[in-house]
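A.B. asks: model the structure of this input:
(one chain, ligands or ions: 2)
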Amino acid sequence: MKRALITGITGQDGSYLAEFLLARTDYEVHGLVRRSSSLNRQRIDHLFALDRSVSDRLHLHYADLADASSLAMVMELVRPDEVYNLGAQSHVRVSFDQPLYTADVVGLGTLRLLEAVRHLNRSQPVRFYQASSSEMYGSAPPPQGLDTPFHPRSPYACAKLYAHWQTINYREAYGLFACSGILFNHESPRRGESFVTRKATLGATRIKEGLQKKLVMGNLDARRDWGFAGDYVRAMWLMLQHDKPDDYVVATGQTFSVRALLELAFSLVGLDYQDFVEFDTRYTRPSEVDVLLGDPSKAMNVLGWKPEVDFRGLITMMVEHDLELARRERFASTYRQT
Ligand code: NAP
Ligand code: F7E
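C.D. replies: Ligands and ions are numbered 1, 2, ... in the order given. As a prediction, the model looks like this:
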């Protein structure tokens with residue numbers, strides 16, 4: 001039985017990765033969780049309801065990327081074969097409001113975890129995956145690949161770049177099996193509600209069901225390379241199964257504007273986005289990343305990875321999920337009134 005440790009298991013990617021590893025019968029999965037006043041484990045609750053042959057292989061531990069001693073303790077307790085560092089303050093706009101916190105958790109947090117991994121690696125081999133981001137390319141012209149120079153445009157991107165280089169340095173300095181996956185935007189019905197795809201699919205479906213009247217957005221001209229999170233966690237795992245540690249870009253190789261995203265999400269529920277979308281500078285950023293378009297050829301050629309869900313399939317999946325949520329909410333409110 002292999003042991004995997006996931007930071008950020010309660011997040012979008014952490015939940016898909018845990019599901020993916022548990023579906024393989026040869027993994028025990030350990031996740032780090034933060035203490036919060038109310039439980040926020042909705043994305044992984046269903047895993048504990050599965051057959052005991054699966055749920056017994058899932059374990060949660062309290063720790064925080066800001067707290068080096070908790071990371072060292074969990075590392076010693078679990079002694080994982082594979083560590084996936086997915087924990088982060090991952091919202092780019094929020095990183096402008098909380099730059100120091102973002103740098104601490106995303107940048108130094110990765111270094112704290114790498115130190116704990118380095119110590120364990122002295123007594124047993126440990127493989128490490130770092131969740132790097134296409135945001136590190138920032139204003140670099142598209143398409144962006146492994147040879148493209150980085151030009152980060154937010155506190156989040158700067159912190160991710162620091163973590164990316166620390167990961168590479170631990171590989172070169174200590175011979176650690178450390179991989180950095182430079183993942184372009186990936187989404188799903190489990191995406192946080194304030195990221196643009198989910199905001200669009202929730203907005204369109206709630207407007208359709210009469211639960212809200214308008215949707216207030218920022219820059220509609222930004223373009224992103226959007227893939228499906230379920231496809232991308234498979235790439236993370238493949239990196240750690242390869243015979244040598246390396247860095248990879250994971251993307252679809254297609255780019256769409258936020259405007260095209262809105263057009264599609266609203267058209268799927270029979271509406272025209274122009275009748276409902278308003279602009280507010282509240283949702284713009286002090287420095288924007290205009291166009292992201294990734295070149296995933298190395299991941300495809302070396303790892304044999306390829307995405308299975310395209311942009312239309314992804315947004316359709318999210319709209320169908322959110323339409324069901326909106327219908328239930330409308331039904332519950334009608335039922336309360338009668
Ligand atoms: P997400 O949904 O925002 O999840 C972030 C996770 O990190 C949550 O489990 C969160 O826990 C945890 N976390 C936050 N602060 C922490 C701390 N101080 N200590 C420990 N855990 C902490 O993010 P995601 O979309 O799944 O992304 C996963 C990783 O990939 C992140 O590192 C993100 O920056 C990176 N990434 C994402 C994308 C993308 O398009 N999704 C692309 C490239 C890279 P709580 O539930 O307690 O908040
Ligand atoms: O914005 C524009 C916004 O917040 C996408 C994170 O997972 O992917 C994500 O970062 C674009 C930007 O994602 C709104 O200005 C317009 O140009 O969904 P987002 P992001 O900033 O690309 C990368 C790869 C990560 O690593 C991050 O962790 O959409 N946009 N109007 C808007 N964005 C938001 N959130 N809300 C709007 O109203």
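A.B. asks: who's in contact with the residue nearest to residue 125 when sequence neighbours are not counted?
C.D. replies: In this structure, residue 125 finds its nearest non-sequential neighbour in residue 177, 6.8 Å apart by Cβ to Cβ, 6 or more residues apart in numbering. Every C-beta, even on glycine, is put in place using the N, C-alpha and C of the backbone. By Cβ atoms under 8 Å, 6 or more residues apart in numbering, the contact list for residue 177 reads 125, 126, 127, 128, 171, 240, 245.
A.B. asks: close to ligand 1: what parts of the stretch 101-250 of the chain are there?
C.D. replies: Residues of the stretch 101-250 of the chain that fall close to ligand 1, judged by Cβ under 6 Å from any ligand atom: 105, 131, 133, 183, 185, 186, 192.
A.B. asks: quick check, residue 265 in a helix?
C.D. replies: Yes: for residue 265, which was evaluated using DSSP: H, G, I helix; E, B strand; the rest coil, the result is membership in a helix.
A.B. asks: my guess is it contacts residue 314. True?
C.D. replies: No: contact between residue 265 and residue 314 fails when scored by Cβ atoms under 8 Å: they sit 10.6 Å apart.
A.B. asks: where do the helices of the chain begin and end?
C.D. replies: If DSSP state H is used as the criterion, the helices of the chain fall at 12-23, 42-48, 52-55, 68-78, 92-97, 99-102, 109-121, 155-174, 196-208, 229-241, 258-267, 297-303, 311-337.
A.B. asks: same for the longest one, what does it pack against?
C.D. replies: Helix 311-337 is packed against helix 196-208, strand 227-228, helix 258-267, with contacts defined by 3 or more Cβ pairs under 8 Å, 6 or more residues apart in numbering; DSSP states H and E.
A.B. asks: mind running it again at 7 Å?
C.D. replies: Other helices and strands packing on helix 311-337, by 3 or more Cβ pairs under 7 Å, 6 or more residues apart in numbering; DSSP states H and E, are helix 196-208, helix 258-267.
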